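[1] give me coordinates for this.
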Amino acid sequence: MPFPESDFQRRSLQSLILPPPHPRLRVCVVVPARNEESELPRLISALASQVGLDGLPLDPDVFEIIILLNNCLDRSAAVLRDLRPAGLPKLHVAEITLEASEAHVGRARQILFDTAYDRFRSIRRLDGLILTTDADTRPEPDWIGQTCAEFTKNVSGVGGRVLLESEERAALPPSVQRLFLLDVGYRRALEEMRSLYAPQAEDPFPRHHQHYGASLAVTAAAYAKAGGMPLTRSSEDAALYHAVVASGGRFRHSYRVRVRTSARVLGRAEGGLAFALGSWRDRANTARAVLVESAEHAEERLGRLGLWCATYPDTPPPLALAATPEPAPSEHAAELHATLNKLRERICALRSIPLQQRLDQLSQHVGRYALCPPQYESV
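    This is a model prediction of the structure:
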């Protein structure tokens, strides 16, 4: 159920002083930051260099940036004050100190999204776009333009492709680079497998798997319909994605929308890419295998997802079918490299088989559990 307007207002930054939104505002970029004085100049430079698909600078009246500095102990605020003249007349900086129980990225990003929604509501523009990125991320020059272009295709949200900064990626230990590339291949194979069993008109393959805070966007209307951003200490970006989809939203994972982010292994937030890189480093150092959902289990799960979508086309599927289990359950886990090879073999075999035949074969394999009732909540 959508939240009452008062809830968004209560959780927003109304208590802090922000100038009123421009009447022509169409894009609000929000960024949570905590102790990021060394990364903020790169972010501001990238946002100040945004251009449209025609290569011309964006109209400064149609987009703004709000950066929320929460619980900072460094010079982030001073750095942003020095950078404010750098071609960003609509850069708004808010500082806040959250209680210890709320001093995490999930709460900070929730405040920012609620604030952006409230600003669009105040000018009666619920088709306005709320974009977010991270302080250690550098959006490509056409990031805003490409994101806006995807929304012309009748979608509710867009996840951009998150790449590592080239120089920082090259500085990673070879073992970590190998695991990173294997994981990228594994995730891409899962997306292709999903497209073979449960194709989506609004999100055709090739697509990626990322709907993360480094590049995530929703319309203000979709945000309200989803009930706002769920409050979690981490993975608030994925939680919002699932809420948008569960509320009937259409989502696009676009390769045209791109950002480059830090390859640091010690991140400011819990979980996320930094955690994954650090985990791969530790596993490589101890020669422990990286385990993921097995190819067999993934195909069965995605096949059931396809059967669900074919049987209940107007009902969002259960999360247990749509989301890759993280971490993989022990009874359905396999080594990353072997799983990727098996997935690629199965994909090659499936490509030449018509969709209905794929689903018929899967239905015969899984038997009476294939067609799941709408209340089904687990695999």
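
[2] would you map the helices across the stretch 51-200 of the chain?
    76-83, 105-122, 143-151, 166-170, 174-197 (DSSP state H, counting those that start in this stretch).

[3] what of the stretch 251-379 of the chain?
    Counting by DSSP H, counting those that start in this stretch, the helices of the stretch 251-379 of the chain are 272-286, 295-311, 319-322, 336-350, 355-366.

[4] got the angle for the second one vs helix 174-197?
    This points to helix 295-311. 30 degrees (axes from the mean of the first three to the mean of the last three C-alpha atoms, to 10 degrees).

[5] gap between Ser352 and Arg358?
    Note on Ser352: its distance to Arg358, by C-beta to C-beta, to the nearest Å, is 10 Å. No exception for glycine: its C-beta is placed from N, CA and C like everyone else's.

[6] who's more crowded, those two?
    Using other C-beta atoms under 10 Å as the criterion, Ser352 and Arg358 rank with Arg358 on top: 17 against 7.

[7] any idea of the pLDDT on the more buried one?
    Arg358 is assigned 93 on the pLDDT scale.

[8] what's the answer for Ala226, then?
    Predicted confidence (pLDDT) for Ala226: 97.

[9] what sits against it?
    Ala226 makes contact with 2, 218, 240, 243-244, 246-247, 249, according to C-beta atoms under 8 Å, 6 or more residues apart in numbering.

[10] what about Arg358, distance to Ala298?
    Taking C-beta to C-beta, one finds Arg358 at 14 Å from Ala298.

[11] on that earlier part again, tell me the one of the contacts of Ala226 nearest Val62?
    Of all the contacts of Ala226, Val62 sits closest to Val218, with 17.4 Å by C-beta to C-beta.

[12] thought Ser195 was touching Phe205?
    Yes - between Ser195 and Phe205 there is a contact under C-beta atoms under 8 Å: 3.7 Å.

[13] the more surrounded of the two?
    When Ser195 and Phe205 are compared for neighbours, Ser195 comes out ahead with 18 against 15, by other C-beta under 10 Å.

[14] mind listing what's buried along stretch 56-70?
    58, 63-70 (16 or more other C-beta atoms under 10 Å).

[15] what of stretch 121-128?
    Those would be 121, 125, 128, for stretch 121-128 by 16+ other C-beta under 10 Å.

[16] what's near enough to touch the second one?
    Taking C-beta under 8 Å, 6+ apart, we find Arg125 in contact with 25-26, 220.

[17] go on, the last one?
    Taking C-beta under 8 Å, 6+ apart as the criterion, Gly128 is in contact with 25-28, 116, 120, 219-220.

[18] okay, it and Pro313: tell me how far apart.
    Following C-beta to C-beta, the distance that separates Gly128 from Pro313 is 29 Å.

[19] ok, now the second one?
    From Arg125 across to Pro313, the span is 31 Å (C-beta to C-beta).

[20] the longest strand anywhere in the chain: partners in the sheet, and parallel or antiparallel?
    Scanning the chain for the longest strand, with DSSP state E as the assignment, gives strand 251-261. Partners of strand 251-261 in the sheet, by DSSP bridges, are strand 137-139 (antiparallel), strand 157-164 (parallel).

[21] export those strands to a markdown table and append columns for mean pLDDT.
    Below are these laid out as a markdown table (pLDDT from 0 to 100):
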| stretch | mean pLDDT |
| --- | --- |
| strand 137-139 | 97 |
| strand 157-164 | 97 |
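
[22] what's the distance between Leu172 and Ile111?
    Distance from Leu172 to Ile111, counting by C-beta to C-beta: 33 Å.

[23] who's more crowded, these two?
    Using other C-beta under 10 Å as the criterion, Leu172 and Ile111 rank with Ile111 on top: 24 against 18.

[24] my guess is His337 meets Leu182, correct?
    Yes - using C-beta under 8 Å, His337 is in contact with Leu182, at 5.9 Å.

[25] per-residue pLDDT of Ala328, please?
    Model confidence at Ala328 (pLDDT) stands at 88.

[26] that one reaches Ala289, doesn't it?
    No - using C-beta under 8 Å as the test, Ala328 is too far from Ala289 to be in contact (11.5 Å).

[27] what about these two, which has more around it?
    Ala328 (19 against 12).

[28] how near is Ala334 to Ser294?
    According to C-beta to C-beta, Ala334 and Ser294 sit 4 Å apart.

[29] who touches both of these two?
    328, 342.

[30] residue contacts, the residue nearest to Gly160 when sequence neighbours are not counted?
    Once flanking residues are discounted, Gly160 sits nearest to Ser215: 2.9 Å by C-beta to C-beta, 6 or more residues apart in numbering. Residues near Ser215 by C-beta under 8 Å, 6+ apart: 131-133, 137, 139, 143, 147, 159-162, 257-259.

[31] repeat the analysis, applying 6 Å as the threshold.
    Ser215 makes contacts with 133, 160, 162, 257, 259, as judged by C-beta atoms under 6 Å, 6 or more residues apart in numbering.

[32] before we move on, what about Leu129?
    27, 217.

[33] oh, and call the first residue 16 from now on, that's how I've got it
    Yep, numbering from 16; the last one is Leu144 now.

[34] just for the chain, where's the confidence low?
    Scanning the chain for pLDDT under 70 picks out 16-31, 100-102, 279-290, 293, 295, 299-302, 382-394.

[35] rerun at 90
    Residue ranges of the chain with pLDDT under 90: 16-33, 96-105, 183-195, 249, 277-305, 329, 341-345, 376-394.

[36] walk me through the domains of it.
    20-185+216-282, 306-383 (automatic domain parsing).

[37] quick one, which of those domains is nearest to Tyr201?
    Short answer: domain 306-383, nearest of the domains of the chain by C-beta to C-beta, at 4.8 Å.

[38] on that earlier part again, which of the domains of the chain sits most buried?
    domain 20-185+216-282 (a mean of 19; mean count of other C-beta atoms under 10 Å).
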